[in-house]
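Got a sequence here, can you build the structure:
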Amino acid sequence: MIFSGPPSDAADGTAGRDPYSPWRTASVFGRTTSGRVRARTLVPMETARAMDPALAPRRTDALWRTARPAERLCYATGAALMASGLVHLAVFGVDGGPWNGPVSWRKPITFGLSFGLTLIALTWVTSYLQIGARRRNALLVVFAADCVLEVGGITLQAWRKVPSHLNMESAFDTAVSLSLAVGGGILVVLLTLFAVAAFRKRPSGPTGMPLAVRSGFAVLLVALASGAAMIARGVTLTRTGHQEAAYHSTAALKPLHGVSLHAVLVLPALAWLMSRTTWTDRAKESAMWIAVAAYGVAVLAAGAWAAVTY
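Have a look, this model is predicted:
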């Protein structure tokens, strides 16, 4: 019989502690003429997974079963936000109206789906970060509340038939616009903290997941920068009396913002899917590097388009 055990001759001393390390120490038991013997050896991760079911990739249903209360709150909130986006898609189908422009059902649809998906993705992806449980839970709860604030403010203004962002036409509209701007600043701080945690210590996870998580957060920083640039330019135009120009000033950066925002979901999801295959660890790692490079090309293309049209 073979059981996973603490590290022995691992070069970096982490093989036995990280259940997703490429190498895993194991205790091998056998019986010889002299009786029971025990030896330790370092085995590939694929072999260790076959020996120890606890090392197998996480099942999706286990995410909810083993989730902490804060995680369940975030998963449920994300699902509710996505449901809100789908409800407003139905409203758009019935009510009609323009898809583009500062006053459109597009905003509660896209923001509800995007924020809901991002909240669910961040709750899952941050489980691979080497960060204290209490700190992570606190950051996730604040992030969830901020997502509700953003989607709620945008949805409210859509039903009032007025722009949600950069709208200073009345005291109430100004309050909503400023609350969305402050909420955006809080999002930047929270996501930056998660990104720092991803690079301070190597994330755990199956083969390819550490690279996917770090790359996803690195690209996410591009989304945060482009979002901040949109807000800054829009506020500047609004304060100088160019309200209509402010509404349309963000168009050039929207593709860059959208593409880079969801890398933190797409790349880790790809790593998880590959963990369900029979590919070798080397093949999985190579495929992840190709995926990261391809996503980087997409971000560069969106950035080039933004630079030309900004």
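
Please count neighbours and contacts with C-alpha atoms only from this point.
Will do.

Now L113. Nearest residue, chain neighbours left out?
Leaving out its chain neighbours, the residue that sits closest to L113 by Cα to Cα, 6 or more residues apart in numbering is M82, at 4.3 Å.

P163 is in contact with P102, isn't it?
Yes: between P163 and P102 there is a contact at 5.1 Å, judged by Cα atoms under 8 Å.

For the stretch 101-250 of the chain, which segments count as helices?
106-125, 133-159, 171-200, 209-239, 243-248 (DSSP state H, counting those that start in this stretch).

can I get the ones you listed in CSV with mean neighbour count, distance to L300 and mean pLDDT?
Conversion of the helices of the stretch 101-250 of the chain to CSV gives the following (neighbours: other Cα atoms under 10 Å; distance: least, Cα to Cα, whole Å; pLDDT from 0 to 100):
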stretch, mean neighbour count, distance to L300, mean pLDDT
helix 106-125, 23, 21, 94
helix 133-159, 19, 27, 94
helix 171-200, 17, 20, 91
helix 209-239, 20, 10, 86
helix 243-248, 17, 22, 69
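
Of all these, which one is nearest L256?
When those are compared by Cα to Cα, helix 209-239 sits nearest L256, at 7.0 Å.

Now do the closest one against helix 171-200: the angle between them, please.
150 degrees (axes from the mean of the first three to the mean of the last three Cα atoms, to 10 degrees).

now for helix 209-239, which elements pack on it?
helix 171-200, helix 243-248, helix 254-261, helix 263-275, helix 281-309 (3 or more Cα pairs under 8 Å, 6 or more residues apart in numbering; DSSP states H and E).

what about stretch 152-166, distance to the chain center?
Stretch 152-166 sits 25 Å away from the centroid of its parent chain (Cα atoms, centre = their mean, to the nearest Å).

distance between the ends of it?
One end of stretch 152-166 sits 16 Å from the other (Cα to Cα, to the nearest Å).

quick one on the thing from earlier: can you redo the helices of the stretch 101-250 of the chain as CSV with distance to V292?
What follows is these, written out as CSV (distance: least, Cα to Cα, whole Å):
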stretch, distance to V292
helix 106-125, 16
helix 133-159, 26
helix 171-200, 16
helix 209-239, 7
helix 243-248, 31
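
could you dump the helices and strands packed on helix 209-239 to CSV with distance to A228?
Converted to CSV, the helices and strands packed on helix 209-239 look like this (distance: least, Cα to Cα, whole Å):
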stretch, distance to A228
helix 171-200, 8
helix 243-248, 14
helix 254-261, 10
helix 263-275, 18
helix 281-309, 14
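
Of all these, which one is nearest G216?
Per Cα to Cα, nearest to G216 of the helices and strands packed on helix 209-239: helix 263-275, 3.8 Å.

Which positions in that closest one come out as buried?
263-272, 274-275 (16 or more other Cα atoms under 10 Å).

and which of these is nearest to A304?
Looking across those and measuring by Cα to Cα, the closest to A304 is A263, at 17.9 Å.
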